[in-house]
Every structure is written in C-alpha cells, then in structure tokens.
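# Got a predicted structure here, sequence first:
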Amino acid sequence: MIKPPNWRPPTLTTERLTLRAFTEDDAQPLFEHARNPNVARFTLWDAHRTVADTMLFLRDYAVLRYLEGMPEPYAITVPPDPHPIGACGCFWAAKLHQTMELGYWIAEPFWGKGYVVEACRAVLDHVFAEHEPERVQARVIDGNTASERVLTKLGFRHEGVLRHALLRRGNFEDVRMYSVLRDEWPNNCDKKLT
C-alpha cells in the first residue's frame, strides 16, 4: 500500500537512542560514516565515495521505503546529538508469507557499545506490534561474527548457511540465515544491552 509522500515511520526511543526517519539534512554527517570501508566490509552497498552517493541513498532508497510504509531505514542517533551514526530497520521480504527482514549497520567509532542490539530491539518491538509478521529473518555474510552476535543477543536462531548465495563485488559469498518467530519474541531475547 503506497503511503502519502510525506509519510515517515514513527520515531522510536530507547534508554540511550532515538531512531527516526532520515532527511536530506543527514547527507553530510551520514557520509562521514558511510564512506568508511570497514563499515561497508560486510554490507550489500559499497563505501560511499561522495556525498552524492549518500544523497542518492536518502532520496531514492529511503524515500521509496517510506512510500511503501516500511519501518526502514531508521537513522540511529545518540541524543543530544541529532546526527545519524548508523541505520536499521525491517522491510517485507515476502509479505504473502508474513516474513520481514532485519538489516542494520553502525559507524566504526560506535562498535561494541550495544547500540545495534538496543536499536534493533526497539525496531522489532515496533514491527511485531504494528506490522504483525510471523517471521523476521536476517542474512549475514559469512565471516561477520559481530553481526551474528547481535542476532544471537536478540534471540534469533541460526537456520543454516546458503552456500554461494550472494554475488558481491565479484565474489560468491556464503550467507548465514537467522530468524525469530512471532511467538519467540521477546521471550528468547537477551535483555542485557551488551
């Protein structure tokens, strides 16, 4: 269902974070993090080379998802600083089968602080309450152990490895599949923020 052009997902708050819709004003501060090749090492997108790359993400990808009514992408911010330090959110992977997919990334200076777990927990609470999927899945490129730890802390279960399921940057990559079901959320979730 297409939303009005000005529709945005609701702002979510946690103990330490504010998750909000992106705006074009986020281009420069987001670029400062998205251009880091360490951040993009395990993402489907390449490190941004110019602010124009970041603006393309904000104008095309983010706006399209908002028009679709998706709670994705959310800008992760640490108040009182309004600038984004990463992104997270869920989109329909297969609406007919009530399956959504979780994605996230965070800037390198903020690694290891539990922010991704905290942000994703808020998004998942919102998604299960408002969008009512039966399943939320997440894909992790083989070797991204930090992302696997995030999902484990969120109560996701490892389902297996999809061998050579992704052609990325000229190489075939194995993809690890994780999921959490509606009746498992938040019961299996590690309530610690770290």
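Received, thanks. The structure presented is a predicted model; accordingly, all values stated were derived computationally and were not measured. Residues are numbered from 1 along each chain as shown.

# CA atoms for contacts and neighbours, from now on please.
Will do.

# number of nearby residues for Phe110?
Here the count is done by other CA atoms under 10 Å, and Phe110 has 12 residues near it.

# can you give me the strands for the chain?
12-13, 18-21, 74-77, 86-94, 99-106, 135-141, 157-168, 171-181 (DSSP state E).

# Ala47 and Arg135: what is the separation?
30 Å (CA to CA, to the nearest Å).

# Same question for Thr99.
5 Å.

# Can you mark which positions in the helix ranked longest in the chain are buried?
Ranked by residue count under DSSP state H, the longest helix found in the chain is helix 115-130. The neighbour-count check on helix 115-130 (16 or more other CA atoms under 10 Å) flags 115-124, 126-128 as buried.

# Rebuild these as JSON lines, extending it with distance to Ala34.
Shown next, in JSON lines, are the buried residues of helix 115-130 (distance: CA to CA, whole Å):
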{"residue": "Tyr115", "distance to Ala34": "17"}
{"residue": "Val116", "distance to Ala34": "16"}
{"residue": "Val117", "distance to Ala34": "19"}
{"residue": "Glu118", "distance to Ala34": "20"}
{"residue": "Ala119", "distance to Ala34": "18"}
{"residue": "Cys120", "distance to Ala34": "19"}
{"residue": "Arg121", "distance to Ala34": "23"}
{"residue": "Ala122", "distance to Ala34": "23"}
{"residue": "Val123", "distance to Ala34": "21"}
{"residue": "Leu124", "distance to Ala34": "24"}
{"residue": "His126", "distance to Ala34": "26"}
{"residue": "Val127", "distance to Ala34": "25"}
{"residue": "Phe128", "distance to Ala34": "29"}
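
# The closest residue to Ala94 other than its chain neighbours: what's it in contact with?
Take Ala94 and drop its neighbours on the chain: the residue closest to it by CA to CA, 6 or more residues apart in numbering is Met100, 6.7 Å away. Contacts for Met100 (CA atoms under 8 Å, 6 or more residues apart in numbering) come out as Cys90, Phe91, Trp92, Ala93, Ala94, Pro133, Arg135, Val136, Gln137.

# wait, what's in contact with Asn132?
No Asn there; residue 132 is Glu. Gln98, Arg182.

# so Asp174 sits right up against His164, yeah?
Yes: using CA atoms under 8 Å, Asp174 is in contact with His164, at 4.6 Å.

# Look up how far Gln137 lies from the residue of the chain most remote from its centre.
The centre of the chain is farthest from one residue, Gly170, which by CA atoms, centre = their mean lies 23.8 Å away. Applying CA to CA, the value for Gly170 to Gln137 is 25 Å.
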